[in-house]
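>>> Quick one: sequence plus predicted model below, questions after.
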Amino acid sequence: MKSSDRTSSTEAARMRSGAERIADLFVTARREERSVFLPFLTAGLPDLGSSPAMFQAMAEAGADGFEVGIPYSDPLMDGPVICRGSEQAIGAGATLDRSLSILGEVSETTGVPSLAMTYANPVFRRGADWFCDRLAEAGAAGLIVADLPFDEAQPLGEAARRHGLGMVLFVALTSTYKRIKAVAEASPTFIYAVANLGVTGERSEWSSRVEELVERIRDVTDIPVVLGVGISNPEQAAVAARLADGFIVGTALVRRVLESSDPQNAAGALATAVSEMAAAARW
Amino acid sequence: MKPRLHRPDRRGRFGEYGGRFAPETLMAALEELEEEFAAAWADPLFVGEYNRLLELYVGRPTPLYPAHRLSERLGVEVWLKREDLAHTGAHKINNALGQGLLAHRMGKPRIIAETGAGQHGVATATAAAVLGLECQVYMGVVDIRRQAPNVSRMQILGADVVEVSSGAGTLKDAVSEAMRDWARTVEETQYVIGSVVGPHPFPWMVRELQKVIGEEILRQSEQLPDVAVACVGGGSNAIGMFWPLAGTGVELVGVEAGGEGIHTGQHGASIGMGSPGILHGALTYMLQDDDGQVLEAHSISAGLDYPGVGPEHSYFQEAGLARYVSITDREALDGVRLLARTEGIIPALESAHAVAWVAKEAVALRNKTVLINLSGRGDKDMEMLVERL
């Protein structure tokens, strides 16, 4: 993409709300016969200065949008790799304000929709309205809160709507029909379907119940379904892409950054991983 | 003063505190647990079996003991509720047995637990042994070091102790790791949480299983005390004593960990110095910074070394049903010595916080009757006591 094209597409994007920009991703992907690929990376990795470049590298390698992790001290839904990433980012100075400004820079420079991924307490601490206001101001398209089930999500969902942000809700392998229905009725921008039991992390084998889970969701609603947790290589990405409207990869990318000797290497490793998985996203 | 609540509301809230801030993977299990516990708790067979175990296995009722020499020393009439005499040496067994029985009833072959001081870990390992369940206990690496005798006890009882080295390697990190395990194994595992913390229904369920402490006090007292005092980490021994006494006119005092002093930043005074936030699945008072990052707590006693508190205590504080104070590490150590020398009882460092508060406030408490919940015994703290006393 030439830089002039990017500027004009960014301006066009600004006319639409964050929630609409996320919804557009699924329409475009469907037209192009592929699944939406949303890489996750914690803001502030490997350090504050080079963090935006990591996302830039992934955007150029074919990411459709991002989950930008706002690092949290006690990430209950995350396995050891993302926990270590959060710790390192906080240690590097990724405060809430710094993380939000990284998210802003990522939205601005990549032009693709970015969702903030965080936990309930940082949102609660500053207040749902303050949080959504700052996200919208930074140019974020939406938000995902790992420990906020639909039962507790209503106040934040309303604040997100007021600020034009897309709100994402979770469905898990263990979710009952009643819960799936309630999630659908809350009309999230997309449904994050947790593809495996347990916390985020790489897995050699996948739950055999994922396909059934996606079917159970689709029986209830046509809201886009995005699979996450346990997707870490092109083979798994290909499976996820065939099953769902989108997929999220986190741990495998955070690990590459943590294992890289310097930011250039990290960006290179991310670009390689993302382009392989983006290629696998074609139906 | 607002009234105590028999059950949290439909969303698991005590007033505004509590709730269910958990990953979706756990939500169906939490709903099921709420239903199963409510059904079991209303089932005479379940309650009968629980009460039978409390009597014949735990040794309940625990005595209400008039501490004459301590009373004489302080000029305050002091009574002790002797939870330290319960099997395994603390009140924790009341809860672990109840939840173990429930796991058994629900057909879950495996239970997991977190532990700080090791008392809840020992109680859970004990319940697992007597009920024939598999047991894994998460414990912070720092606590494994400072509560070594309890680690050995758990292992002898057949439990697998898993070392947690994330964060500060203390109770908070052990709870987080146990929850992560539960998210992975939820279909065959029951998480036996050790205090009145966590997402609904845990705070309610654990309080129900601990309120036997206060109910016995009501039966054992010819005249109710003026003041009832208990230490508060997560707050299970305290709520177990407070709940039945709330609204009877007894003044309820919870003693938090003052650590090195509440203005040093090195303490566990979540109510005294904290603010409302979401920790381990519940909205409650907690220690946090302006970004909502959880701060590390500090206490000489592993069981109070926790940056949050049970949501019902947040409600009790706001409703004016109880007041919360703090005692430093140094004062708690002096409390151990005081009780040991006057009554021949070595209390757990946690429980010594309650003893120390009574000693510190002796002048203000003169002519009053004070009941201390002596929640546990101090054997586990021997190494620390030898070093610091």
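On my side now, so go ahead.

>>> pretty sure B:Thr25 contacts A:Thr174?
Yes - if you go by Cβ atoms under 8 Å, B:Thr25 and A:Thr174 touch, sitting 5.5 Å apart. Quick note: C-beta positions are derived from backbone N, CA and C, even for glycine.

>>> Could you pull out the residues contacting both of these two?
Shared contacts of B:Thr25 and A:Thr174, defined by Cβ atoms under 8 Å, 6 or more residues apart in numbering or on different chains, are found at A:197, B:186.

>>> So the two - more neighbours on which side?
In terms of neighbours (other Cβ atoms under 10 Å in any protein chain shown), B:Thr25 is the more surrounded of B:Thr25 and A:Thr174; the figures are 25 against 20.

>>> Show the contacting residues for that one.
B:Thr25 touches A:172-174, A:194, A:197-198, B:183, B:186, counting by Cβ under 8 Å, 6+ apart.

>>> So which of these wins on neighbours?
Using other Cβ under 10 Å as the neighbour definition, the contacts of B:Thr25 reach their maximum at A:Val194, which records 27 neighbours.

>>> So which residues on the stretch 1-150 of chain A come close to chain B?
Within the stretch 1-150 of chain A, the positions near chain B by Cβ under 8 Å from any Cβ of the partner chain are A:72-74, A:76-77, A:79-80, A:83, A:90, A:95-96, A:119-126, A:146-149.

>>> Sort out which of the residues you listed are in helices and list them.
Using DSSP state H, the subset of the residues of the stretch 1-150 of chain A next to chain B located in helices is A:80, A:83, A:90, A:96, A:120-126.

>>> Between which two of the residues you listed is the distance greatest?
Maximum pairwise distance among these (Cβ to Cβ): 27.9 Å, between A:Pro80 and A:Arg126.

>>> Those two: who's more crowded?
The neighbour count for A:Pro80 versus A:Arg126, taken as other Cβ under 10 Å, is higher for A:Arg126 (17 against 14).

>>> Verify the stated contact: the more buried one with B:Asp289.
No - A:Arg126 lies out of contact with B:Asp289 (Cβ under 8 Å); the separation is 11.6 Å.

>>> excluding its backbone neighbours, what's nearest the residue nearest the centre of chain B?
Closest to where the C-alpha atoms of chain B average out (Cα atoms, centre = their mean) is B:Ser236, at 3.2 Å. The spatially closest residue to B:Ser236, leaving aside those adjacent along the chain, is B:Ser195, at 4.3 Å (Cβ to Cβ, 6 or more residues apart in numbering or on different chains).

>>> and the one you found, what does it touch?
B:Ser195 makes contacts with B:120, B:206, B:233-236, B:310, as judged by Cβ under 8 Å, 6+ apart.

>>> Same list, those residues, but as TSV with pLDDT please.
TSV is the format used below for the contacts of B:Ser195 (pLDDT from 0 to 100):
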residue	pLDDT
B:His120	97
B:Val206	98
B:Gly233	97
B:Gly234	97
B:Gly235	98
B:Ser236	98
B:Gly310	98
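
>>> Out of the residues you listed, which is nearest to chain A?
The closest of the contacts of B:Ser195 to chain A turns out to be B:Gly234 (Cβ to the nearest Cβ; 15.4 Å).

>>> Skip the chain neighbours and tell me the closest residue to that closest one.
B:Ser195 is the one closest to B:Gly234 (Cβ to Cβ, 6+ apart), at 2.7 Å.

>>> For the one you found, give me the pLDDT.
With respect to pLDDT, B:Ser195 has a value of 98.

>>> List phi and psi for it.
The phi and psi torsions at B:Ser195 (degrees, to the nearest 10) take the values phi -140, psi -180.

>>> ok, so what distance separates it from B:His267?
Look at B:Ser195 and B:His267: by Cβ to Cβ, to the nearest Å, they are 18 Å apart.

>>> mind listing the strands for the stretch 51-200 of chain A?
Assignment of strands within the stretch 51-200 of chain A using DSSP state E, counting those that start in this stretch yields the ranges A:66-69, A:114-118, A:142-145, A:166-172, A:190-194.
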